[in-house]
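Asks: Quick one, what's the 3D model for this:
(chains A and B)
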2 protein chains.
Amino acid sequence: MIEYRTLRVALLGAGSVGSQVAAQLLGRADELASRAGAGIELAGIAVRDVDAPRDADLPRELFTADPEELILSSDIVVELIGGIEPARTLILKALGSGADVVTANKALLAAHGPELFAAAEQVGAQLHYEAAVAGAIPIIRPLRDSLAGDRVQRILGIVNGTTNYILDEMHTKGLGLEEALAVATDLGYAEADPTADIEGHDAAAKAAILAGLAFHTTVPLESVHCEGITGVTAAQIESAKQAGYVVKLLAICEQLESGVSARVHPALVPASHPLASVHGANNAVFVQAEAAGDLMFYGAGAGGIQTASAVLGDIVSVARRHVAGGPGVAESTASAVGIAPFGSIQTRYQISLEVDDRPGVLAAVAGVFSEQGVSVETVLQSSAASAATLVIVTHLAPESALAGTVEALRSNDVVRDVASVLRVEGL
Amino acid sequence: MIEYRTLRVALLGAGSVGSQVAAQLLGRADELASRAGAGIELAGIAVRDVDAPRDADLPRELFTADPEELILSSDIVVELIGGIEPARTLILKALGSGADVVTANKALLAAHGPELFAAAEQVGAQLHYEAAVAGAIPIIRPLRDSLAGDRVQRILGIVNGTTNYILDEMHTKGLGLEEALAVATDLGYAEADPTADIEGHDAAAKAAILAGLAFHTTVPLESVHCEGITGVTAAQIESAKQAGYVVKLLAICEQLESGVSARVHPALVPASHPLASVHGANNAVFVQAEAAGDLMFYGAGAGGIQTASAVLGDIVSVARRHVAGGPGVAESTASAVGIAPFGSIQTRYQISLEVDDRPGVLAAVAGVFSEQGVSVETVLQSSAASAATLVIVTHLAPESALAGTVEALRSNDVVRDVASVLRVEGL
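Replies: As a prediction, this is how the structure comes out:
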C-alpha cells in the first residue's frame, strides 16, 4: 500500500460535467491517486442551491453554498460554473490563495484570459483548460507543447457539436434548419435556448482561445468575425452536395501578413477533406503547421462524461506538478502580434445568382468580378424559362473584395437575385 | 529586448531529423527563445565522422566526435542517433549529469524504457519523446496528460508510414506487394533494407510504447505479437475491397481482463472507419477511452522536417520547465499490470476457403467452427466448376480459438486450401 500526500480539490458547479467529475473523483480515488502520485480528495462542491435535487450518489455533506471558504481550504480548484461571473472572481481568488486551477470555461477564457494567466503567473500557479475547446479532444496541450517548436499557419475547426449535428442532419436527411434544430433539441444536442450555438458565439470563443494559443498572442473575442448557421438553407446544402461540398460551421484561425485572424462562419468544405466526414455532434480540429504539415484531432466535442474526461486529465496533470513542486509553467506565452482586419483575410466565395437569360449577361457579371479584382475559378450555368442560374466559385481573394463583389452584383441590373453566398474552405 | 537565460543544447546525430533540428535551432533562435522563455543555444552536434559531407548551412565548428564532452557542458541533450548503443549509454550519461533529455528513439524506449525513466526520475530530470511514435502527430502528451484521468480501453494505430504507403498503393492501384515496395523505395518512403518496416518491427516498438503509456505499465517488446505485411497479397486486398474493407497494418493495444495486450498485424478495417481513409505514408492513432469515447489523431508519421517539429516541441517544453525550476514530472507512471497472452485477445477472422462443391461441405466447415467455439457472422459462397470458395467472417472470439479453427480447417478433408486469413478490426 503506497502512502500518498493528499491534495484537496474544490469543485465549483455541479451541472452535467461537474456531477461526472465528482462521481469519478469519488469512485476512482485509488486509481487517480496512482496516476497522479498524490491522493486526490474531493473536498467539497460549491453550488448556488444546496437543497436542489442531486445525483443520489453524491453525498449531501459535500455540497456547500460558500465557494470562498471551500476555495481557501483547497489545493486545486475546478471551476465548472460557466459564464463570466462569479466564475472570474472565484478563479482569481483561488489563484490568489495559491491554489492551482482547472476550468472548462471558454467564455471566460476568451473574454478575460490575459487577466487570469497573469494572475496565475504572478504566484506560479497552474491554470489548465483542456476541456474549454472541443470537449474530450486533446487540442490545448498539442498546440501549447507539442507544436511549441513549430509555426502553426492555419486552423480549421469544427468546434461546436450542436451546429455540426444540425448541418449533418440537413446534409444527410435533406431537412431544413428548423426541422434539424427541432431534432437536435429533442435529442438533447441543442439547449432550450440555442442562440449561443447557432449564432456562432460558442465557436467564436473557442476560435479566440485557439488563435491565441496557436499564434502566441491574445486575440480579443470582439475581433473574431462571427456568423452563425441561421442563414443556411436546405437549398444551399443540396447544391453544395451536388457540387461535391459539405457545409460546415468552421472556426478558422490564420496567421496573415497583416496579423492574426480568427473567424467563424459556415463554409463549403470539399467532400474529400477530412473535416467533411465529421458527422453528428462530433468535433475535429485540422491544424496546418510549417514543419509538421497537416494534423487532425477528432472526437466527441461535448457531453458531460466526455468533457469530464478532459477535466480529470487536467486535475491529474496539475496534481503531478503540484506534488513534484516548482512553479507552474505559464500557459500563455503571449507576445504582441497584430490582429488582421477581417477584410484582409483571403478566402473563396461560392455565389449563386439568378440572372436574365439573354446575351451579354455573363459578360456583365464577369465584368463585376473583374472590377473588384476577383478572379473566377468556375462558372456553372443552368437555364429555365427566361431566367438562368449562375453558380460561380472564385479564386482566393481578400474578403473585402469578395464582399464588395457581392454588393456590386446585388445592385447590377442583369442580376435578379443573389440567391446564396458561402465561403469555400479546405481546398 | 528581453534578456533570457540561455540553455545549451547538445545534438547527438545529424541525420535527416538531426540536420533539420539543427537548422531550426540556428535559424529561429529568437522565436524559439520567446516561446521557451529561455535562450536555446545549439552547443554542438556529435557525429561519428566529423569530416563527412554535411548540409552547407551548418557551421563546421559545431561538429564534434566527442559526445561525452558535449553532454557534460549541456543543459538539454537531444538524442537522434537511433538504435540501442551508443544511444542508451549517452542518454544515461546525460541524465546522470543532470541534463534533460529529448529523444525520438522508439527502439531504445521499447527495449530499455524502464531503465531510462528510472534514471530520469532519480535525478528529477525530464525525458521527452513525442517524436518516437507517429512522427509529428502529438500522441504522447495526449495519452500521458490529457487522458490521465480517463481509462483507455483500446488503441488502433497506423504507426508505420512505409507499410501504409505500400498497402495504400496496392489498394488504390491494384499493385502487388513487390511492385508497391519498389515504388515506395523509389520515392524514398522505404529504406534500402525495408525489413524493420515491412516485418512490423518498427510498429511493434511503437505499440509497446503506446501500450505502456495508455495502460500505465511496462510492456516488454518481446511480448508484442508481430506480423508484418510480407504475406499480404493483391488478391486479399482486392477481395477485401469487394467486401467493403481496407487492409491496414495496425498496432493494437488493449486492456483485457487477462492483462494488457499489444500486437501488430495486417487487419481488415471497414471502409467507413476513420482509419480506412488514412492514405499514403500518413499515420493515425485511434483511441477508445471509457469517458472520452472515440478520439483520432492524424498526420504525417515520418519525414525529417515533420519529425523535427515534434523534437523542437519537446525542446521548447523542456526548456520552459528547466527555467521555471522544479523537478521534471516522471513520464512513466508504470504500475504492475499483467501482460495478456496473445491467445487470449478477442478478435475476428475473415477466412477464405477453397472447398469441394458438393452437398454437406458447408455443414462440415460449420462443424469445425462450432467445435472450436467460434461463431460465424457471415458466409459468402461462390462456385466455379467443381470447386467453391467460402469467405467466412467470424464473430469476436479468442485468438487461440480462431487460430485453432484455421488449423483444423487446414487438416479437414473437404477443405482444399485455406487461401487467406486476415483479422478484422475496427468494427
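
Asks: Spell out the residue ranges of the helices in chain A.
Replies: For chain A, applying DSSP state H gives helices covering A:16-27, A:29-36, A:67-72, A:87-96, A:106-123, A:140-141, A:161-173, A:177-186, A:195-198, A:201-215, A:234-242, A:304-324, A:361-371, A:399-410.

Asks: Nearest to chain B, out of those?
Replies: helix A:304-324 (2.4 Å; Cβ to the nearest Cβ). C-beta: built from backbone N, CA, C; applies to glycine.

Asks: List the buried residues for the closest one?
Replies: Neighbour-count burial for helix A:304-324 flags A:304-324 (criterion: 16 or more other Cβ atoms under 10 Å in any protein chain shown).

Asks: and chain B, which of the residues you listed contact it?
Replies: A:305-306, A:308-317, A:320-321, A:324 (Cβ under 8 Å from any Cβ of the partner chain).

Asks: Give the partner strands of the lowest-mean-pLDDT helix or strand in chain A in its sheet and their orientations.
Replies: Least confident helix or strand, chain A: strand A:376-384 with a mean of 87, by mean pLDDT, DSSP states H and E. Strand A:376-384 sits in its sheet next to strand A:387-394 (antiparallel), going by DSSP bridges.

Asks: what angle separates the partner strand from helix A:234-242?
Replies: On the basis of axes from the mean of the first three to the mean of the last three Cα atoms, to 10 degrees, strand A:387-394 is oriented at 60 degrees to helix A:234-242.

Asks: Kindly format the C-alpha coordinates of strand A:387-394 as PDB.
Replies: Taking C-alpha atoms only, strand A:387-394 is exported to PDB below (Å, rounded to 0.1, in the frame of the first residue of the first chain):
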ATOM      1  CA  ALA A 387     -34.100  33.100 -66.200                       C
ATOM      2  CA  ALA A 388     -30.700  31.400 -65.700                       C
ATOM      3  CA  THR A 389     -28.800  30.400 -62.600                       C
ATOM      4  CA  LEU A 390     -25.100  31.000 -62.400                       C
ATOM      5  CA  VAL A 391     -23.000  29.300 -59.700                       C
ATOM      6  CA  ILE A 392     -19.700  30.900 -59.500                       C
ATOM      7  CA  VAL A 393     -16.700  29.800 -57.400                       C
ATOM      8  CA  THR A 394     -13.900  32.400 -57.200                       C
END
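
Asks: For the stretch 51-200 of chain A, list the residues in contact with chain B, please.
Replies: A:124, A:130, A:136-138, A:140-142, A:145-151.

Asks: what about 10 Å?
Replies: A:124, A:128, A:130-131, A:135-151 (Cβ under 10 Å from any Cβ of the partner chain).

Asks: among those, which are in strands?
Replies: Among those, the ones falling in strands (DSSP state E) are A:H128.

Asks: Which one of the helices of chain A lies nearest to B:D202?
Replies: B:D202 sits nearest to helix A:140-141 of all these, at 25.6 Å, using Cβ to Cβ.

Asks: any weak-confidence spans in chain A?
Replies: A:1-3, A:325-337 (pLDDT under 70).

Asks: cutoff 50 now
Replies: A:330-333 (pLDDT under 50).

Asks: re earlier: please indicate which of the residues of the stretch 51-200 of chain A next to chain B are buried?
Replies: Counted by 16+ other Cβ under 10 Å, those give A:124, A:128, A:130-131, A:135-151 as buried.

Asks: how near is the closest residue to chain B within the stretch 51-200 of chain A to A:A289?
Replies: As assessed by Cβ to the nearest Cβ, chain B sits closest to A:G149 within the stretch 51-200 of chain A, at 2.4 Å. Using Cβ to Cβ, to the nearest Å, one gets 10 Å for the distance from A:G149 to A:A289.

Asks: What residues does A:E79 make contact with?
Replies: By Cβ atoms under 10 Å, 6 or more residues apart in numbering or on different chains, the contact list for A:E79 reads A:10-13, A:18, A:46, A:67, A:71, A:86-88, A:90-91, A:94, A:101-105, A:108, A:129, A:311.

Asks: Residue most distant from the centroid, chain A?
Replies: Centroid-distance maximum for chain A: A:P359 at 46.7 Å, with Cα atoms, centre = their mean.

Asks: So that residue versus chain B, what's the distance?
Replies: The gap separating A:P359 from chain B is 46 Å, by Cβ to the nearest Cβ, to the nearest Å.

Asks: what's the span of stretch A:187-204, first residue to last?
Replies: 24 Å (Cα to Cα, to the nearest Å).

Asks: Surely A:I198 touches A:I166?
Replies: Yes: with contacts counted by Cβ atoms under 10 Å, A:I198 reaches A:I166, the gap being 7.3 Å.

Asks: Overlap of the contact sets of those two?
Replies: A:N160, A:L177, A:L181, A:A184, A:A190, A:I229, A:V232, A:L249.

Asks: Looking at the residues you listed, spot the one nearest A:K206.
Replies: Using Cβ to Cβ, these come closest to A:K206 at A:N160, 7.6 Å.

Asks: Pull the number of nearby residues for the residue nearest to that closest one when sequence neighbours are not counted.
Replies: Nearest non-adjacent residue to A:N160, counting by Cβ to Cβ, 6 or more residues apart in numbering or on different chains: A:A203, 4.5 Å away. Using other Cβ atoms under 10 Å in any protein chain shown, A:A203 has 31 other residues around it.

Asks: what's near enough to touch A:A203?
Replies: By Cβ under 10 Å, 6+ apart, the neighbours of A:A203 are A:106, A:133, A:157-160, A:162-164, A:196-197, A:224, A:226-229, A:249-251, A:263-265.

Asks: just checking, which of the residues you listed belong to strands?
Replies: Those of the contacts of A:A203 lying in strands (DSSP E): A:G157, A:I158, A:C226, A:L249, A:L250, A:A251, A:R263, A:V264, A:H265.

Asks: Now neighbour count too, for the residues you listed, in CSV please.
Replies: Shown next, in CSV, are the ones in strands among the contacts of A:A203 (neighbours: other Cβ atoms under 10 Å in any protein chain shown):
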residue, neighbour count
A:G157, 29
A:I158, 26
A:C226, 20
A:L249, 26
A:L250, 27
A:A251, 31
A:R263, 26
A:V264, 30
A:H265, 21
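
Asks: In CSV: these, plus distance to A:L213.
Replies: CSV is the format used below for the ones in strands among the contacts of A:A203 (distance: Cβ to Cβ, whole Å):
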residue, distance to A:L213
A:G157, 12
A:I158, 17
A:C226, 19
A:L249, 20
A:L250, 17
A:A251, 13
A:R263, 16
A:V264, 16
A:H265, 21
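
Asks: what's the most distant pair in these?
Replies: A:I158 and A:C226 (15.4 Å).

Asks: Identify the spatial nearest neighbour of A:V133, chain neighbours not counted.
Replies: That would be A:K206: by Cβ to Cβ, 6+ apart, it lies 4.6 Å from A:V133.

Asks: how many neighbours does the one you found have?
Replies: By other Cβ under 10 Å, 29 other residues sit near A:K206.

Asks: For A:D75, list the residues it contacts.
Replies: A:5-10, A:38, A:40-41, A:43, A:97-100, A:318-319, A:322-323.

Asks: tell me which residues in stretch A:285-295 are buried?
Replies: Buried-residue list, stretch A:285-295, by 16+ other Cβ under 10 Å: A:V285, A:F286, A:V287, A:A289, A:A291, A:A292, A:G293, A:D294, A:L295.

Asks: mind listing what A:A196 touches?
Replies: If you count contacts by Cβ under 10 Å, 6+ apart, A:A196 has them with A:A107, A:N160, A:T162, A:D202, A:A203, A:A204, A:A205, A:G228.

Asks: tell me the contacts of the residue lying closest to A:A271 once chain neighbours are set aside?
Replies: Among residues not flanking A:A271 along the chain, A:G244 sits closest, at 5.1 Å (Cβ to Cβ, 6+ apart). By Cβ under 10 Å, 6+ apart, the contact list for A:G244 reads A:L268, A:P270, A:A271, A:S272, A:A276.
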